[in-house]
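# Predicted model, plus sequence, below.
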Amino acid sequence: MTIDAAYARQVMMGIIGDIRLFSAMVLQRRLRPYQAAPALAIVDSVLHRRGRTFAVVMSRQAGKNELSAIVEAYLMMHWHARPPSTLVKASPTFKPQTLNSRQRLYDRLSRSVLQFALHADADYIVRLGNCRALFFSAHPGANVVGATASLLLECDEAQDVDPDKWSKDFAPMGASTNVTTVFYGTMWTGRTLLSRVIRQLRDEEAADGVQRVFLAPWDVVAACLPDYRRYVEKERARLGAEHPVFRTQYLLQEIDDAGRLLTDERLARMAGQHSRARTPAEAARLTAADGQTPYYVLTVDVAGEDEELEGAALRADSPRRDSTVATLFWVDLSTADDPLLGRPTYRVLNRWWWTGRSHTELYAALVDLVSEWHPGYVIVDATGVGAGLASYLGRRLGRVPRGERGGASAALGAPLAQALSRALGARVRPFVFTAASKSDLGWAFVSIVDSGRYKDYAPDGQPDTLQFWREAAACEYNVLPGPGHQLRWGVRDAQVHDDMLISAAMVSLLDELDWRTERETEIIAPNDAQGARE
């Protein structure tokens, strides 16, 4: 062997022997320190057949998936010319997560010197010589083909994978091979598969001193990536430091899967210092003192009607009876220009409630409110609870054509929105309550509360004000398992409603609009642009 050949072999052996060099020189991807530590531990366990289990938890967009692909590529490079071997990776869904994982590995290998031995078999297999990587969906309804994981068994986004599904279909894949297993993800509630694994691994760490849990919260990532720090600081300002998404996905803290939605800390943050405004003149004085042109929105949660009693009499006779509630907000744009917040503050000016009123009377009352206050937007509950009102408005004004947002075919309450729009020219946004949309609304409301952008008027001792705070304090939540992180929330107490709270929460729908752009162009009403969802 010549000197040059010997040197080349020495260099290649050095690259093969260190995943950090392999990643940088073969894949052209340099591992960051918080990625290198778990990568070295995983590779050591595989190469020496230690059969250890690891949990790798990183903040959002920190390179967790990239790390997984690099580890997979490195192991496949080691075993591509050996007897047949297999890696198995499970993700919560087939589309997009499983397909994305497969494509990510294929892309890394296709741009390396190993591309000559690379093949894509079916839509869930990547093969490099004699080594295969199989990618499966861990969705509860997925039919998983039996396989044996001889090199590595991975669980992606383990906080969203059903523990029973993993135990039944995936854990047995590595039983006969003493396979190294890795759970990747971010934190969520204590009941998730990832949290259960972490608790078990902490016990093992305490017993033998070998690190098995690798955590990289956002500040660790930001130490390597200054741009990431700026991004997360904006997210913290937008969501609030106590928002469940920020706590779990950036701070890597567990949250309770049930409890009070609006804690004492949140209730205190919701309390404003401004006085209630019962007339447009009073409201104008408030906004003028802040140097702003008044811009109002009205949110309406619609209830049924009662022909015998109404108002306070009906509430006393039937405490559980729903009310229709309208909440008037002043959109304070002073925070929309904040480089971190970039969104308005919503200040409650007044609220009205009606119990047992006929839908004919209710329609007239809402028209009067819109005529008096001229809100830029009216957000209306367009769910089937308003069937009587929808029937009346449908006969008088015609139903909303099929295909329009919140059309009558989807939600009987929608004609109220259409009628107000026709009568007054207000920009009406129908909102249909479903399990998914109410979950999104709850998360969005928590976000504006945690970021300090919901402010109610100062307590005035009035029954409707007291009722609102009673509902807010009584609101409970629970988080459903699975990738959707669906939030169920409301008031369970049979003597307390959540109509006031729902009406107030509906203002968070306006966070989807680009208020900052409108401020710059001096257009009164904001663009109807969709905001990015969590």
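Noted; the coordinates are in hand. Please read these numbers as outputs of a predicted model, since none were measured by experiment. Numbers count the residues shown, from 1 in each chain.

# Break down the stretch 151-300 of the chain into its helices, ranges please.
163-165, 193-208, 218-222, 226-239, 244-249, 264-270, 280-289 (DSSP state H, counting those that start in this stretch).

# And the stretch 401-534 of the chain, by the same measure?
Assigned by DSSP H, counting those that start in this stretch, the stretch 401-534 of the chain shows helices spanning 414-424, 435-450, 463-474, 499-505, 515-521.

# Can you spell out which helices and strands pack onto the third one?
Counting contacts by 3 or more Cβ pairs under 8 Å, 6 or more residues apart in numbering; DSSP states H and E, helix 463-474 packs against helix 264-270, strand 345-354, helix 499-505. Any C-beta I mention is one placed from the backbone N, CA and C, and that applies to glycine too.

# same deal with the fourth one?
In this structure, helix 499-505 makes packing contacts with strand 296-301, strand 324-332, strand 345-354, helix 435-450, helix 463-474, judged by 3+ Cβ pairs under 8 Å, 6+ apart.

# Each with direction, which strands does the first one pair with?
So that's strand 296-301. Strand partners for strand 296-301, identified by DSSP bridges, are recorded as strand 324-332 (antiparallel), strand 377-381 (parallel).

# Distance from the chain centre to stretch 282-290, please.
From the chain centre to the centre of stretch 282-290 is a distance of 36 Å (Cα atoms, centre = their mean, to the nearest Å).

# which other residues reach that stretch?
Around stretch 282-290, the neighbours that count as contacts under Cβ atoms under 8 Å, 6 or more residues apart in numbering are 274-275, 277, 293-294, 296, 330, 332, 334, 349-350, 373.

# Would you check that D381 makes contact with A505?
No. With contact taken as Cβ atoms under 8 Å, D381 and A505 are classed as non-touching, separated by 11.1 Å.

# on that earlier part again, export the helices and strands packed on helix 499-505 to CSV and append columns for mean pLDDT, mean neighbour count and distance to L134.
Listed next are the helices and strands packed on helix 499-505 as CSV, based on pLDDT from 0 to 100; neighbours: other Cβ atoms under 10 Å; distance: least, Cβ to Cβ, whole Å:
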stretch, mean pLDDT, mean neighbour count, distance to L134
strand 296-301, 93, 26, 49
strand 324-332, 95, 25, 52
strand 345-354, 96, 22, 50
helix 435-450, 95, 20, 32
helix 463-474, 97, 18, 49
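
# closest one to S101 among those?
Evaluated over those, closeness to S101 peaks at helix 435-450, with 25.4 Å, by Cβ to Cβ.

# tell me which strands and helices the closest one is in contact with?
When contacts are defined as 3+ Cβ pairs under 8 Å, 6+ apart, helix 435-450 packs onto helix 226-239, helix 244-249, helix 264-270, strand 487-491, helix 499-505.

# wait, which of these is closest to L366?
Shortest distance between L366 and those, using Cβ to Cβ, is found for helix 499-505: 12.3 Å.

# Out of the helices and strands packed on helix 499-505, flag the one nearest R196.
Closest approach to R196 among the helices and strands packed on helix 499-505 is made by helix 435-450 (23.9 Å; Cβ to Cβ).

# got the phi/psi numbers for the closest residue to A90 other than its chain neighbours?
Nearest residue to A90, sequence neighbours excluded (Cβ to Cβ, 6 or more residues apart in numbering): A138, at 4.2 Å. According to degrees, to the nearest 10, the main-chain angles of A138 amount to phi -100, psi 20.

# check contacts around A138.
When contacts are counted by Cβ under 8 Å, 6+ apart, A138 touches 90-92, 144, 155, 161-162, 165-166, 169-170.

# In strands only, show me the residues you listed.
In strands, defined here by DSSP state E, the members of the contacts of A138 are 90-91, 155.

# Can you go through these and name the buried ones?
Of all the ones in strands among the contacts of A138 considered here, the ones buried according to neighbour count by 16 or more other Cβ atoms under 10 Å are 90-91, 155.

# what's the domain layout of the protein?
Under the assignment named as the TED database, the residue ranges that make up the domains of the chain are 18-218, 256-306+322-398+425-523.

# Just send those back as TSV, with distance to Y231 too.
Putting the domains of the chain into TSV (distance: least, Cβ to Cβ, whole Å) gives the following:
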stretch	distance to Y231
domain 18-218	8
domain 256-306+322-398+425-523	11
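
# weakest of those in terms of mean pLDDT?
Comparing mean pLDDT over the domains of the chain, the weakest stretch is domain 256-306+322-398+425-523, at a mean of 85.

# so how far is it from its chain's centroid?
Using Cα atoms, centre = their mean, we find the averaged C-alpha position of domain 256-306+322-398+425-523 to lie 20 Å away from the chain's own average C-alpha position.

# any idea what sits nearest R236, other than its immediate chain neighbours?
F246 (5.9 Å).

# so what's that neighbour scoring on pLDDT?
Reading off the confidence values, F246 has pLDDT 94.

# For it, list the residues it contacts.
F246 makes contact with 235-236, 239-240, 450, according to Cβ under 8 Å, 6+ apart.

# Which of the residues you listed sits closest to D322?
Each of those was checked against D322 using Cβ to Cβ; the closest is D450, at 27.8 Å.
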